[in-house]
Structure formats: C-alpha cells, structure tokens
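Asker: Pasted the sequence and its predicted model underneath.
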Amino acid sequence: MQIKTFKGYSTHEALKRIKKEMGESAIILNSRSEEVNGKKIYTIMAARDLGVEQDKQEQEKRAIDNVENNEVEERWYQEWKYFKEQIYSLIKDSLDIPSLSSRQKTAIRHLEMEGVGQDFIMNLLVLLKRNGRSFMNILNNMIKVIPFDSPKFSDNCHIMVGPHGVGKTATILKLALKYKRENKGARICLVNVDGYQGKGKLLLKHYAELSDFEYKEIHGLKDVAALLSEASEYDRIFIDTPGLKRGMHLDLWWENSPLKLIENCHVHLVLSPVYSREQVDYYLSMFLCDRLSSLIWTKLDEACIYGTMLYTGFTTQIPISLFTYGATLKNSIVVASGPLLWNLVFKHKLPC
Ligand SMILES: Nc1nc2c(ncn2[C@@H]2O[C@H](COP(=O)(O)OP(=O)(O)OP(=O)(O)O)[C@@H](O)[C@H]2O)c(=O)[nH]1
Ligand SMILES: [Mg+2]
C-alpha cells in the first residue's frame, strides 16, 4: 500500500493530481487547508492498495534479509552472553554487602531461582550497595507497573500483539467483558486483523453477537479509514492481530499493515511467563519497538516460575499493565499492581 500527500490551490486541483498518480482506486484519508503567503493551499492525504501480492513479495524479501542479519547478531549475542556470565561470577563474589540481612539474601537467592537473569541480580546488588534503600523500594523502581485502567492508557483504541497462541484473542474477550461489566451501557468494538486465523475471528464474532459488541474486520486501508471515522462512537476498541512469521519484526509488519493509519492507540505486547528467557528474548527480537505501551502477562496459572516477567520488565522498561490467569473467560483477568506482581514472584500466589 502507498500513502501520499497532494497539494493544490483548490481541492479540485489536488484531487486531479491524486487521480492522475494513484488512479480511481485511491481513497482519501484526510484533507485540510491553510493560508500560505495570502493564498489558500489545499492538502489531501490519499492512499491506495498496491495489491496483496506485491505487499507479500516485499515482506518476504525483507524477511529473508532479516534472517541473514539475525544469524550474525546471534553469534555476537552468544559470545557476549558468555563474557557476561564470566564477569558476573567474578563481580558477584567480590561484591561484599555487609548490610544485607539474611532475609534479603534469601530473597535474592529466590529471584535467581525464578530465572530473573544475571543483569537483574547485578543491578539489584549494586543499588543495594550504593544506597542501601529498602529492598522492595529498589525492586519497585526496577520494574514499572501501570494498571491497564490507569489514565496513562486512556485512548479508546487498544491493539494486542504477540506470539501465536499466547492468548491475545482470549485477553481481548476478557477485557471487553470486564469493561462492559464495570461500565454499564459502554459501546465496545472488537476488531479482527487476524485475517488468516479462522478460530480467533469466529470467537470474536461469536462473543460480539452474544454480548452486544460491535464486530469489524480489517482487510485494507479502507476498513481502517472507516473505523477511524467512527472511532469516537466507541468507549473501547480492541484490535486483535495475528502472530508474526519467523524473521518478521513488528515495525516492518506495521509499516505494511493498514493499522499504520491509526495514530492514537495503545499497543500491548502479550507474553506469558511459561516462556523461558531465551524464548522471551526471541519474541522481543520480533516485537520490541517504540510503539509498545505495555506488557500483558497471560497464563499465570500455567507457569511454575515468574522470573521472566521481571527479566522482561527490567530489560525493556515497558510497564506491566495486565495479568490473566485462567483458560475460562470469567474471573481470570486483573489489572496489574506491584503487590500482585510480588505475591506472584515471591509466594507464587495467583491474583484470584
Ligand atoms: N490457562 C490459561 N489459558 C489461557 C489464558 N489465556 C489464554 N489461554 C488459552 O490459550 C489458548 C490460546 O489463546 P488465544 O487467545 O487463541 O491465543 P492467540 O494469541 O489469540 O493465538 P493466535 O490467534 O493463534 O495467535 C486458548 O486455548 C486460550 O483459552 C490464561 O490466562 N490461562
Ligand atoms: Mg488469536
């Protein structure tokens, strides 16, 4: 797809240019006028689909380039990881912190066993040595938690991204039902960009019918333009996306997706503590980018350790916003908070 801005001394002139360059199938995304040196200039933003086939070819070519670059990066990463482990064991032994109580030492050992990773432990030890503040204060500063219902996430449009099968569709349904329960008469729209995923699409459609939500599908720019023109009618719009192919990156996928027209939205990366740190690293290499607003952790009920949540929160500095902890849609979702997180990590206590 192609998006371009056209200018003219009249809308007619700008439209003529659009027609000439983009053809009859072009769609108008927005238009505005401004005065420049006393003359009115009309600016129109238009878009056209270059065709699914061309988009697909471009995506595949870029995916192959990515795989080649990733192999070189992977070798560097493994070497660097090895050096870091050596340095870590040397520093850890020499880092004598007399003020550490036996409870704190036990807590640090527990965090190590949870799999938070060496960087996390090193940072914690250095901060404890440097300013000796309360242990929990330091932990709370290392991991950001912002509840999903905080004003920070007040835009009505929420987009879920993440690996296949992590629970994106289930989380959207749980969120929509929760929002409806807490806000009587709320207008909620469920949107499927998950074109190839029959099951997710059917689930969204089914629950939309049952629960009186609006249901929409996005297949191209026109659908997004239509959604944007109605967006203010909804209290919440939840958008479901497909998992990404190996070698694809969220930024690249986004660039080629009609979703790129959406400016005001929150993009949440959905992950689960059942993944190992290596698996999380792999997913971060696919999804980590500036557009992410929060981390949502699913399948807490299926995990036996929770260190990857701290590892990811610390390495990305992206706030944790939401937890889900059950395969059923009822009573299995809660907005994140510090106490819930630490109860999970230190006591393995589920939020329910
Ligand atoms: N136990 C448990 N199961 C969950 C949770 N969240 C989702 N699931 C289950 O995980 C499976 C996959 O969930 P989906 O919502 O379809 O996952 P998805 O990310 O949308 O998957 P794709 O659309 O295939 O990428 C379903 O069987 C869900 O019921 C959770 O918090 N706990
Ligand atoms: Mg799905």
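Answerer: Thanks, I have it. Ligands and ions are numbered 1, 2, ... in the order given.

Asker: what helices or strands is the least confident helix or strand in the chain by mean pLDDT leaning on?
Answerer: When the helices and strands of the chain are scored by mean pLDDT, DSSP states H and E, helix 52-94 comes last with a mean of 73. Using 3 or more C-beta pairs under 8 Å, 6 or more residues apart in numbering; DSSP states H and E, the elements in contact with helix 52-94 are helix 118-131, helix 250-255. In short, each C-beta sits where N, CA and C put it, glycine included.

Asker: How far off centre is the longest one?
Answerer: If I follow you right, that is helix 118-131. 28 Å (C-alpha atoms, centre = their mean, to the nearest Å).

Asker: next SSE after that helix?
Answerer: helix 135-142 (DSSP states H and E).

Asker: what's in contact with the next helix or strand after that following helix?
Answerer: Once helix 135-142 ends, the next helix or strand along the chain (criterion: DSSP H and E) is strand 157-161. Contact partners of strand 157-161, identified using C-beta atoms under 8 Å, 6 or more residues apart in numbering, comprise 168, 171-172, 175, 231, 236-241, 250, 259, 262, 264-270, 287, 292, 296.

Asker: rerun at 7 Å
Answerer: 168, 171-172, 231, 236-241, 250, 259, 262, 264-270, 287 (C-beta atoms under 7 Å, 6 or more residues apart in numbering).

Asker: Show the buried residues in those residues.
Answerer: Taking 16 or more other C-beta atoms under 10 Å as the criterion, what is buried in the contacts of strand 157-161 is 168, 171-172, 231, 236-241, 250, 259, 262, 265-270, 287.

Asker: Kindly identify which of the residues you listed also come near ligand 1.
Answerer: residue 168 (C-beta under 6 Å from any ligand atom).

Asker: Helices of this structure, residue ranges please.
Answerer: Using DSSP state H, the helices found in the chain span residues 11-22, 52-94, 102-114, 118-131, 135-142, 168-182, 198-211, 221-230, 250-255, 277-287, 307-316, 338-347.

Asker: Restricting to C-alpha, output the fifth one in PDB.
Answerer: The C-alpha trace of helix 135-142 is given here as PDB (Å, rounded to 0.1, in the frame of the first residue of the first chain):
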ATOM      1  CA  PHE A 135      14.800  -3.900  49.300                       C
ATOM      2  CA  MET A 136      11.200  -3.600  48.000                       C
ATOM      3  CA  ASN A 137      11.700   0.100  47.100                       C
ATOM      4  CA  ILE A 138      14.600  -0.900  44.800                       C
ATOM      5  CA  LEU A 139      12.600  -3.700  43.200                       C
ATOM      6  CA  ASN A 140       9.700  -1.400  42.600                       C
ATOM      7  CA  ASN A 141      12.000   1.100  40.900                       C
ATOM      8  CA  MET A 142      13.500  -1.600  38.700                       C
END
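
Asker: Would you mind pulling the contact partners of it?
Answerer: Here helix 135-142 has contacts from 104, 107, 123, 124, 127, 128, 314, 338, using C-beta under 7 Å, 6+ apart.

Asker: go with 8 Å
Answerer: With C-beta under 8 Å, 6+ apart as the criterion, helix 135-142 contacts 104, 107, 120, 123, 124, 127, 128, 310, 313, 314, 338, 342.

Asker: residues near the fourth one, how many?
Answerer: Residues contacting residue 123 under the criterion other C-beta atoms under 10 Å number 15.

Asker: Give me whichever of the helices and strands packed on helix 52-94 is most buried.
Answerer: Mean neighbour count, computed with mean count of other C-beta atoms under 10 Å, is highest for helix 250-255 among those, reaching a mean of 17.

Asker: Report all helices and strands that that one contacts.
Answerer: Against helix 250-255 (3+ C-beta pairs under 8 Å, 6+ apart) you get helix 52-94.

Asker: now the helix it packs on against helix 277-287, angle please.
Answerer: Helix 52-94 and helix 277-287 are oriented at 140 degrees to each other (axes from the mean of the first three to the mean of the last three C-alpha atoms, to 10 degrees).

Asker: Can you give the distance of helix 52-94 from its chain's centre?
Answerer: Distance, centroid of helix 52-94 to centroid of chain: 20 Å (C-alpha atoms, centre = their mean).

Asker: for stretch 228-236, same thing?
Answerer: 21 Å.

Asker: which residues sit against that stretch?
Answerer: Counting by C-beta under 8 Å, 6+ apart, 156-158, 175-176, 179, 183, 186-189, 214, 237, 261-262 sit against stretch 228-236.

Asker: Tell me the buried residues in it?
Answerer: Quick answer for stretch 228-236 (16+ other C-beta under 10 Å): 228, 231, 234, 236.

Asker: does the last one have beta-bridge partners, and which?
Answerer: Looking back up the chat, that one is residue 236. residue 188 (DSSP bridges).

Asker: Next one: it from ligand 1, what distance?
Answerer: Look at residue 236 and ligand 1: by C-beta to the nearest ligand atom, to the nearest Å, they are 18 Å apart.

Asker: Can you tell me which of the helices and strands packed on helix 52-94 has the worst average pLDDT?
Answerer: The minimum mean pLDDT among these belongs to helix 118-131 (a mean of 86).

Asker: right, and residue 266 touches residue 153 too?
Answerer: Yes. Residue 266 is within contact range of residue 153, at 5.0 Å (criterion: C-beta atoms under 8 Å).

Asker: related to what we said a few turns ago, would you reformat the buried residues of stretch 228-236 as TSV and include distance to ligand 2 and pLDDT?
Answerer: Converted to TSV, the buried residues of stretch 228-236 look like this (distance: C-beta to the ion, whole Å; pLDDT from 0 to 100):
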residue	distance to ligand 2	pLDDT
228	23	95
231	22	95
234	20	97
236	18	98
